[in-house]
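Trainee: Starting from these lines, generate the structure:
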Amino acid sequence: MECEWKPDEQGLQQILQLLKESQSPDTSTQRSVQQRLEQLNQYPDFNNYLIFVLTKLKSEDEPTRSLSGLILKNNVKAHYQNFPNGVSDFIKSECLQNIGDSSPLIRATVGILITTIASKGELQNWPELLPKLCLLLDSEDYNTCEGAFGALQKICEDSAEILDSDMLDRPLNIMIPKFLQFFKHNSPKIRSHAIACVNQFIISRTQALMLHIDPFIENLFALATDEEPEVRKNVCRALVMLLEVRLDRLLPHMHNIVEYMLQRTQDPDENVALEACEFWLTLAEQPVCKEVLCGHLSQLIPVLVNGMKYSEIDIILLKGDIEEDEAIPDNEQDIRPRFHRSRTVAQQHEGDGIEEDDDEMDDEMDDDDTISDWNLRKCSAAALDVLANVFRDDLLLHILPLLKELLFHPDWVVKESGILVLGAIAEGCMQGMIPYLPELIPHLVQCLSDKKALVRSITCWTLSRYAHWVVSQPPDIYLKPLMTELLKRILDSNKRVQEAACSAFATLEEEACTELVPYLAFILDTLVFAFNKYQHKNLLILYDAIGTLADSVGHHLNKPEYIQMLMPPLIQKWNQLKDEDKDLFPLLECLSSVATALQSGFLPYCEPVYQRCVNLVQKTLAQAMLYQSQPDQYEAPDKDFMIVALDLLSGLAEGLGGTIEQLVARSNILTLMYQCMQDKMPEVRQSSFALLGDLTKACFQHVKPCIADFMPILGTNLNPELISVCNNATWAIGEISIQMGPEMQPYITMVLHQLVEIINRPNTPKTLLENTAITIGRLGYVCPQEVAPMLQQFIRPWCTSLRNIRDNEEKDSAFRGICTMISVNPGGVVQDFIFFCDAVASWVNPKDDLREMFCKILHGFKNQVSTALCLIAGSFTMGDKTGNHPREHVTLYRGGGSKPLPVLEEGVGGRW
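Mentor: This is a model prediction of the structure:
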């Protein structure tokens with residue numbers, strides 16, 4: 001029998017020696033041990049030795065025994081399917097026999113091992129596991145009960161879905177009532193385990209829990225004032241989740257729950273306070289928030305504000321007493337991985353400058369990274385932010401008296417928290433804050449020179465939250481002083497301040513746009529000086545500030561003196577970085593924006609940049625093919641290198657226009673692009689379609705021979721479930737149709753029905769609707785006979801989609817198309833003619849021949865729409881009094897997956 005297995009003494013000693021050596025701090029010793037452990041995995045009973053050391057060798061020290069179990073856990077994760085039955089049965093048996101070991105460390109290790117085996121699909125093949133663990137809960141031996149509960153908690157965390165399935169005959173019907181019995185156990189550890197187990201099933205609304213929801217809530221209330229912090233934390237966590245899924249059950253008790261959460265948000269244990277603080281974030285998303293909280297704001301606001309102060313331990317961990325650290329190299333582990341976000345093309349609307357992301361408090365600096373990604377300070381600030389968005393200016397009644405005291409407090413920690421409060425309420429309370437800003441903004445600008453680095457850094461962020469207001473005022477009063485001081489802080493001697501200033505300046509650039517043109521020399525001088533000053537981490541943020549500047553001022557950057565300042569340091573960094581260095585991502589993003597802005601000014605640098613991008617795409621595709629054919633021998637490539645290269649090629653094509661033709665002619669980019677357009681990764685396809693559109697505009701003579709291959713791929717990617725891919729494919733089809741003219745006719749059937757379906761689809765994002773409408777219009781312009789018969793199916797959403805975008809070439813060609821289609825099929829517009837009139841009225845200054853087309857159609861329908869005709873005739877005499885045609889501006893996003901509102905950290909705007 002397997003349980004009679006006995007180790008060979010010599011083999012056992014060898015393994016023990018290895019386990020001892022693996023605890024050595026010497027990395028070469030650890031590498032050697034790792035290699036020998038891998039070799040031992042070839043022996044079937046090696047894992048028997050490991051479980052033997054963990055469970056039976058009680059003469060050994062606990063760290064060695066636990067380490068043996070953790071190595072076994074890793075083997076289970078990697079090779080469990082290859083374990084012989086005898087070995088896996090022996091391990092399972094030993095786990096269940098030793099779940100009650102007298103050592104908490106060994107019990108926890110056995111629990112981890114059990115849940116790892118369970119997560120490998122073994123819950124089905126280990127039918128006695130759950131009944132046995134539930135039985136052990138009733139043991140009078142504390143160690144056995146606690147060990148079994150520890151294992152069950154881990155199983156509930158890792159396998160919640162399968163526990164609630166028919167596959168296991170729904171064991172939760174027994175387990176949840178069982179867990180509820182232990183809420184009143186005399187051991188705080190057991191009580192905590194019991195709540196944690198049940199909590200795993202709240203968000204999924206597991207039926208077994210919903211049947212017992214009232215006793216569960218009653219038990220939670222009974223434990224509300226438990227002396228054990230871990231129990232209070234789990235109670236708070238449960239109430240926060242119940243607020244989301246069973247608000248109906250909490251509403252009758254809401255007054256008491258709010259009072260309780262106010263106490264817990266001030267709990268002496270910060271982990272409890274953090275869980276409780278999440279309550280306010282979740283409540284703010286509920287429709288009842290205003291009604292529930294309006295009577296408690298006078299208590300709640302001071303609690304949240306108090307939670308926004310740095311604690312003493314925060315300041316120690318942040319090295320808040322170190323003011324000058326610019327010469328200290330960054331710890332590479334502290335630099336977050338950068339992920340490139342692919343390019344999406346969008347239209348510009350009336351009144352827009354550069355389009356912004358919708359992320360709200362995602363542009364805070366990484367001030368607290370060294371503490372944790374999420375703490376009480378950040379949660380309190382995020383809660384204040386969302387509540388400001390709920391209560392708007394009503395919140396100021398409770399905030400302003402506190403702010404007066406905080407902002408001018410002699411203690412820098414209190415003052416710093418006041419500046420954070422001011423930033424947190426910026427969005428929700430902006431209207432009510434406007435009367436105070438003429439006094440507050442100069443005060444904040446002064447705070448940029450505070451002697452404490454943490455005050456200077458938070459001031460950068462808060463000022464960025466009011467950048468929109470600053471830019472709306474006379475520039476000499478607020479913008480110029482703010483810009484001047486922010487540029488000084490970009491060159492601060494503290495790295496955290498440098499980072500915050502760079503991020504804040506990028507926000508200011510997005511808001512100010514061409515307002516910054518008079519100061520470009522001063523701005524560039526500062527940003528270029530920072531190249532030689534910054535350590536690794538902030539250099540990556542500096543690239544973003546430069547790229548955002550290029551996006552914001554556009555062609556105004558194309559002056560020899562600016563190019564001479566900006567390009568040498570960028571090209572120097574470009575030459576220093578190897579092809580596999582992920583720092584290429586932000587640098588290539590930056591260069592893409594710079595190339596687009598400089599246009600012909602980028603010509604002297606374009607050939608080596610172009611060639612390297614092509615090589616990056618080629619290299620990544622080659623690696624992907626090797627990995628696909630021999631996954632055991634080759635690693636999967638990081639396709640972000642290919643995506644970022646494709647996007648920079650798009651930037652070059654957009655900026656250089658026809659002058660890129662020779663580079664395209666001498667390269668195999670179209671062949672590579674054909675492969676990228678069929679890649680499994682949506683972001684690769686997204687960027688390749690953007691490049692296809694830009695190359696179509698820049699040098700169609702090279703794209704045209706490939707159209708027969710490209711069009712079917714574009715047609716299959718008109719899937720609105722993948723919004724950004726669909727958007728770029730749609731835009732590329734529109735650009736191709738303008739170049740192809742009537743030769744587009746064979747391809748209409750490949751794309752038209754999908755496009756009509758998209759434009760009629762409910763809840764389609766605005767950008768996709770606009771690009772779809774433009775592309776349908778362009779297809780109708782070049783092939784009216786093929787598209788016009790479907791006019792009635794899309795005319796209404798077509799008109800509403802394009803009524804708000806600025807006059808530009810894309811809008812021009814789309815409206816020419818719709819006019820041509822109406823002339824072919826006038827009956828298709830009859831029912832929705834008023835929508836057409838409304839869309840025509842959106843034009844400020846159409847070209848003369850387009851105006852003639854409008855008039856011809858309008859007069860043709862004049863008996864039906866005399867009123868609309870007057871309206872539109874009048875609209876052409878208004879608008880741009882100078883007669884200037886508004887500049888076309890295609891906005892490129894670096895957007896991507898959206899973050900939850902509450903996360904206060906440095907954010908980067910940009911492309912989808």
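Trainee: Contact partners for residue 36?
Mentor: When contacts are counted by Cβ atoms under 8 Å, 6 or more residues apart in numbering, residue 36 is found next to residue 18. All C-beta atoms are positioned from the backbone trio N, CA, C, and that covers glycine.
Trainee: SS state for it?
Mentor: Here residue 36 takes the helix state, with states given by DSSP: H, G, I helix; E, B strand; the rest coil.
Trainee: for this structure, what are the low-confidence residue spans?
Mentor: When the per-residue scores of the chain are filtered using pLDDT under 70, the ranges that remain are 1-3, 122, 320-321, 327, 330-372, 862-912.
Trainee: Can you name the next helix or strand after the helix or strand encompassing residue 755?
Mentor: Following DSSP states H and E, the helix or strand that holds residue 755 is helix 748-759. For helix 748-759, the following helix or strand on the C-terminal side (DSSP H and E) is helix 766-782.
Trainee: Now do the helix holding residue 755: which elements does it pack against?
Mentor: Applying 3 or more Cβ pairs under 8 Å, 6 or more residues apart in numbering; DSSP states H and E, we find helix 748-759 packed against helix 707-716, helix 723-740, helix 766-782, helix 784-787, helix 791-802.
Trainee: and the angle for it with helix 766-782?
Mentor: Taking axes from the mean of the first three to the mean of the last three Cα atoms, to 10 degrees, one finds helix 748-759 and helix 766-782 inclined to each other by 140 degrees.
Trainee: For residue 805, what are phi and psi?
Mentor: Reported as degrees, to the nearest 10, the phi and psi values for residue 805 are phi -90, psi 150.
Trainee: Return the distance of it relative to residue 766.
Mentor: Plainly put, residue 805 is 10 Å away from residue 766 if you go by Cβ to Cβ, to the nearest Å.
Trainee: Which one's more surrounded, these two?
Mentor: For residue 805 versus residue 766, the count of surrounding residues by other Cβ atoms under 10 Å is larger for residue 805: 21 against 13.
Trainee: ok so, going back, which of the helices and strands packed on helix 748-759 sits closest to residue 271?
Mentor: Each of those has some distance to residue 271 by Cβ to Cβ; the shortest is helix 723-740, at 38.5 Å.
Trainee: Kindly export the closest one (C-alpha atoms) in CSV.
Mentor: Extracted C-alpha coordinates of helix 723-740, given in CSV (Å, rounded to 0.1, in the frame of the first residue of the first chain):
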residue,chain,number,x,y,z
ILE,A,723,-14.3,48.3,-30.7
SER,A,724,-10.8,49.6,-31.4
VAL,A,725,-10.0,46.9,-34.0
CYS,A,726,-13.4,47.5,-35.7
ASN,A,727,-12.9,51.3,-35.6
ASN,A,728,-9.5,51.2,-37.3
ALA,A,729,-10.6,48.7,-39.9
THR,A,730,-13.6,50.9,-40.7
TRP,A,731,-11.4,54.0,-41.0
ALA,A,732,-8.9,52.2,-43.3
ILE,A,733,-11.8,51.0,-45.6
GLY,A,734,-12.9,54.7,-45.9
GLU,A,735,-9.4,55.9,-46.8
ILE,A,736,-9.0,53.0,-49.3
SER,A,737,-12.3,53.8,-51.0
ILE,A,738,-11.3,57.5,-51.6
GLN,A,739,-8.1,56.3,-53.3
MET,A,740,-9.8,53.4,-55.3
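Trainee: gap between that helix and the chain center?
Mentor: 26 Å (Cα atoms, centre = their mean, to the nearest Å).
Trainee: Just the angle for that helix relative to helix 748-759, thanks.
Mentor: Going by the same axes, to 10 degrees, helix 723-740 makes 140 degrees with helix 748-759.
Trainee: Which elements pack onto helix 723-740?
Mentor: Contact analysis of helix 723-740 by 3+ Cβ pairs under 8 Å, 6+ apart lists strand 345-346, helix 682-698, helix 700-703, helix 707-716, helix 748-759, helix 766-782 as its packing neighbours.
Trainee: which residues does residue 787 contact?
Mentor: 748, 752, 776, 779, 780, 817, 821.
Trainee: Reformat these as CSV; add neighbour count and distance to residue 383.
Mentor: Listed next are those as CSV, based on neighbours: other Cβ atoms under 10 Å; distance: Cβ to Cβ, whole Å:
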residue, neighbour count, distance to residue 383
748, 19, 54
752, 24, 49
776, 32, 45
779, 28, 50
780, 31, 51
817, 28, 50
821, 29, 53
